[in-house]
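In: have a look at this fold, sequence not included:
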């Protein structure tokens, strides 16, 4: 009979209500892999999940059988080909618009301000999606507009994560977002954060634009939470 752990594992702390403990533990092993990991040892998996090595080995046998994990020639463990197959099915099951627009609408509902999703297009940025504030006083950017990369919150974020050098862009990468006032339009504030997909690959910049007099500190958290949710839905990581 397996020895009862004296401490809670990651799976215990994040157990699914009404779920199966063994499945929760297996999921915690998959979630133990982080960006940059090519393979992990049994000991590393045990440390990251807080599971006994004996439990890890039993779970690995099942995950390897399902091709979700695979053993390397060095005796370590790596993600398996079944995950790539499932990822391709998942990616093909929706369009970017189907994922991004609902979250943008929810962000606008919470803040009552305008949201846009920018992607880089050469030396400019394209407003790929746009949801307007219901308030009369707002900026009047439209989906399909091209805006400068070197001005505005969305442009700064795309430039920073495109590898630009300089103190400003170092700060953007360090903070994980950028907020500015009057950078593109006098009296207009912008808050923007990157959205990632697996790879890691930068998808674009989610941006909230606000007349300066309506800017609230809570908008930073609201914007970043939406960017984080979009990144999770796209299979990316905020650690990218």
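Out: All right, it came through fine. Just so we're clear, the structure is a prediction, and the values are computed from it rather than from any experiment.

In: what are the phi and psi values at residue 217?
Out: Phi and psi for residue 217, reported as degrees, to the nearest 10, are phi -60, psi -30.

In: any idea how far it is from residue 170?
Out: Applying C-beta to C-beta, to the nearest Å, the value for residue 217 to residue 170 is 23 Å. All C-beta atoms are positioned from the backbone trio N, CA, C, and that covers glycine.

In: which of these two has more neighbours?
Out: Higher neighbour count among residue 217 and residue 170: residue 170, with 12 against 7, using other C-beta atoms under 10 Å.

In: residues in contact with that one?
Out: The contact partners of residue 170, by C-beta atoms under 8 Å, 6 or more residues apart in numbering, come to none.

In: please repeat the previous calculation with a cut-off of 10 Å.
Out: By C-beta atoms under 10 Å, 6 or more residues apart in numbering, the contact list for residue 170 reads 160, 164.

In: who's in contact with the residue nearest to residue 66 when sequence neighbours are not counted?
Out: Leaving aside its chain neighbours, residue 66 sits nearest to residue 82 (6.1 Å; criterion: C-beta to C-beta, 6 or more residues apart in numbering). Contact partners of residue 82, counting by C-beta under 10 Å, 6+ apart, are 63, 66-70.

In: need the max-distance pair from those residues.
Out: Spanning the widest gap among the contacts of residue 82 are 66 and 70, at 10.4 Å by C-beta to C-beta.

In: shared neighbours of these two, anything?
Out: Common neighbours of residue 66 and residue 70 (C-beta under 10 Å, 6+ apart) are 80, 82-83.

In: where helices are concerned, which of these count?
Out: Of the shared contacts of residue 66 and residue 70, the ones assigned to helices by DSSP state H are 82-83.

In: might one say that residue 138 is in contact with residue 187?
Out: No - with contacts defined as C-beta atoms under 10 Å, residue 138 does not count as touching residue 187, sitting 11.4 Å away.

In: tell me which of the two has more neighbours.
Out: When residue 138 and residue 187 are compared for neighbours, residue 138 comes out ahead with 17 against 11, by other C-beta under 10 Å.

In: who does the closest residue to the more buried one other than its chain neighbours bridge with?
Out: The spatially closest residue to residue 138, leaving aside those adjacent along the chain, is residue 114, at 5.1 Å (C-beta to C-beta, 6+ apart). For residue 114, the beta-bridge partners under DSSP bridges are residue 209.

In: how many residues are close by residue 114?
Out: Residue 114 has 25 neighbours, counted by other C-beta under 10 Å.

In: lovely, talk soon.
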